[in-house]
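Q: pasting a predicted model and its sequence here:
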Amino acid sequence: MHNLRSDQADKHCSNGQQKAAVPTWLVLFAIAGLSVALRAQAGDPTAPTAAQDPLTIDRTWQKASAKYDSARAAILKDVDRVNAGGRFRADWESLQSYKVPDWYMDAKFGIFIHWGAYSVPAFGNEWYPRNMYNEGSDEYKHHIATYGTQDKFGYKDFIPRFKAEKYDPAAWAQLFKEAGAKYVVPVFEHHDGFAMYDNGLSDWTAVKMGPHRDLWGDLAKAVRAEGLHLGASSHRVEHNFFLGVARNIPSDVNDPKYAAFYGPAHRWLEAKNGTPLANDFTFVSKEWADDWLARSAEIVQKYHPEIMYFDWWIGQASIRQSLTRFAAFYYNQSAKTGSPMGVINYKDYAMNEKAAVLDLERGQLAGIRPLYWQTDTSISNKSWGYIENDTFKSPEFVVHQLVDIVSKNGNLLLNIGPRSDGTIPDEVQQVLRDVGAWLKVNGEAIYGTRAWQIYGEGPTKVTEGSFHDTDTQAYTAEDFRFTKKGDVLYAIEMGWPANGEAVIHTLGTTGSGDRGKVKSVALLGADSTVSFEQRADGLHIQLPERNPGKYAYSFRIVVN
């Protein structure tokens, strides 16, 4: 730990008053600014390179990655060979004939995993690899105070400390099954560029350094042994710009020696008006697009994931042609191997809405979407990866969100962030187990269901769109969400009524609420039957004295 101080902090002014201490980070800013010119003149490889043109920067990365050119070319050749003989062509007209498979629509609930070298500093969030180089950020100040300057201790230096020594994939898989999840989606590579799998196109992998283990290969076996579906998330495409801020300061990202890991690290010409796809003009080379396609296809070839999850930047204009090639390959490969049809998750407007499944990050929809969709959110309120002193969502929040999403024709992908040693925080495990206990009783109203005529009733509405999931007010016993399975309707009440009576106004006998005659009603998990009466204003259900669980309560209703 480097607690650097300015000598001036201990000196006194001439009038005898003690001078205020100068913040460590401010002193280092000044030192760094004065030394930039000297570094460049001395040929220091860590000197800032922001002034270089993007083609020069990209060629440095290309040269550093050249040892894998032939392997990359072989994969791309296989992609085109599979597409030439497959049902799907690499164009949107063909890809929009895709149909979301039943297994995915039946599953409803999955586990997302963000784990990598960024769990070692465990500070800020999973964007620490970028923000530690972003001058003036909290991560930048923390990094210097804790580890030293970025030219002496860079992100790469966390990798030897990322050992995963307590990682138990079988225990993870058992926990996910106990949580009631039906699929698991680990992030195979995040924006940081470190592959958590046996990547044959890079030296910077968990197999070749750090844990020296195919972390996700081992989890894939454990997950499938528990009867769960395996997905794979790749955020590799964002690595094109992710570390670009490091070129503005003396840092190891500037050193060509590490270009295969850190590069290209272009300047991100990000959108300023909330439209990251339409207004993104970041430099992207054909070589980078090919590398992304090859890496994505290799994951499919080696691990056969039934879901491929991509972050927003696959919609960047320079990537879209590679994206159509990948989507066709992925769907054609599923058919070729006889595996269940795969699912691609995309964000914003990155893909034709019929060609894949829309994903909303930390957000929900106000009503039923005719096309199937998904929400991904994190148990953590602050981060996707593990950080110290975090806070977490309650199991009640997760259950209510799951119920609302399923009623609107969607799935919930819930993220966890393990520690660098491979352990999952106890608080996170407890939330998962509590959600699983609820699903054990109420899963009949979730798994294998479809959206009903309307999603629900009640006073509580969600704020629609990404990054609004925690804006929803607390649900009440007047809030119901509906699902259906065959001829059975499920009404899920989001609270237990204090007066012992549940009233579902949608099932009244008159007016626009007339939906048929109720034949029978059962409360899932209850030891006794419930009595009910269908009146003009709604279906009145008399509840037992003791509720059968927590969080939300499911009624199985048969309507003529």
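A: Cool, the structure landed.

Q: distance-wise, check residue 58 relative to residue 376.
A: In this structure, residue 58 and residue 376 are 31 Å apart, going by Cβ to Cβ, to the nearest Å. All C-beta spots, glycine's among them, are computed from the backbone N, C-alpha and C.

Q: can you check residue 422 too?
A: Counting by Cβ to Cβ - residue 422 and residue 376 are separated by 22 Å.

Q: neighbour count winner among these two?
A: residue 376 (25 against 21; other Cβ atoms under 10 Å).

Q: and the helix or strand hosting that one, what other elements does it pack with?
A: Assessed by DSSP states H and E, residue 376 sits inside strand 373-378. Strand 373-378 is packed against strand 357-361, helix 395-407, strand 410-416, with contacts defined by 3 or more Cβ pairs under 8 Å, 6 or more residues apart in numbering; DSSP states H and E.

Q: can you dump the C-alpha atoms of the second one in CSV for me?
A: In CSV, the C-alpha atoms belonging to helix 395-407 read as follows (Å, rounded to 0.1, in the frame of the first residue of the first chain):
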residue,chain,number,x,y,z
PRO,A,395,-35.7,-11.0,-2.1
GLU,A,396,-39.1,-9.3,-2.1
PHE,A,397,-37.9,-6.7,-4.6
VAL,A,398,-36.5,-9.5,-6.9
VAL,A,399,-39.7,-11.6,-6.6
HIS,A,400,-41.9,-8.6,-7.4
GLN,A,401,-39.8,-7.6,-10.4
LEU,A,402,-39.8,-11.2,-11.7
VAL,A,403,-43.6,-11.4,-11.4
ASP,A,404,-44.1,-8.1,-13.2
ILE,A,405,-41.7,-8.9,-16.0
VAL,A,406,-43.2,-12.4,-16.6
SER,A,407,-46.7,-10.9,-16.7
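
Q: any idea how far that helix is from the middle of the chain?
A: 17 Å (Cα atoms, centre = their mean, to the nearest Å).

Q: any idea of the angle it forms with strand 373-378?
A: Counting by axes from the mean of the first three to the mean of the last three Cα atoms, to 10 degrees, helix 395-407 lies at 160 degrees to strand 373-378.

Q: ok, residues contacting helix 395-407?
A: 108-109, 364-365, 368, 374-375, 377, 379, 411-412, 414, 430-431, 434-435, 438, 446, 449, 451-452, 455-456, 462, 469, 475, 481-483, 492, 494, 550-552 (Cβ atoms under 8 Å, 6 or more residues apart in numbering).

Q: filter these to the buried ones?
A: 108-109, 364-365, 368, 374-375, 377, 379, 411-412, 414, 431, 434-435, 438, 446, 449, 451-452, 455-456, 462, 469, 475, 481-483, 492, 494, 551-552 (16 or more other Cβ atoms under 10 Å).

Q: in strands, which of the residues you listed fall?
A: Mapping the buried ones among the contacts of helix 395-407 onto strands (DSSP state E) picks out 109, 374-375, 377, 411-412, 414, 451-452, 455-456, 481-483, 492.

Q: low-confidence ranges in the chain?
A: 1-42, 274-276, 511-514 (pLDDT under 70).

Q: hmm, try it at 90
A: The model of the chain has pLDDT under 90 over residues 1-43, 270-279, 335-340, 463-473, 510-516, 560.

Q: now stretch 343-355: buried residues?
A: Quick answer for stretch 343-355 (16+ other Cβ under 10 Å): 343, 344, 345, 346, 347, 348, 350, 351, 352, 355.

Q: pull it out as CSV, backbone CA atoms only.
A: Output of stretch 343-355 as CSV, limited to C-alpha atoms (Å, rounded to 0.1, in the frame of the first residue of the first chain):
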residue,chain,number,x,y,z
VAL,A,343,-31.1,-17.0,-28.2
ILE,A,344,-29.2,-13.7,-28.8
ASN,A,345,-29.9,-10.9,-26.3
TYR,A,346,-29.3,-7.3,-27.6
LYS,A,347,-29.9,-3.8,-26.3
ASP,A,348,-31.4,-0.6,-27.7
TYR,A,349,-31.7,-0.9,-31.5
ALA,A,350,-28.6,-3.0,-32.1
MET,A,351,-30.6,-5.7,-34.0
ASN,A,352,-33.8,-6.1,-35.9
GLU,A,353,-36.4,-6.7,-33.2
LYS,A,354,-37.5,-9.9,-34.7
ALA,A,355,-34.0,-11.3,-35.2
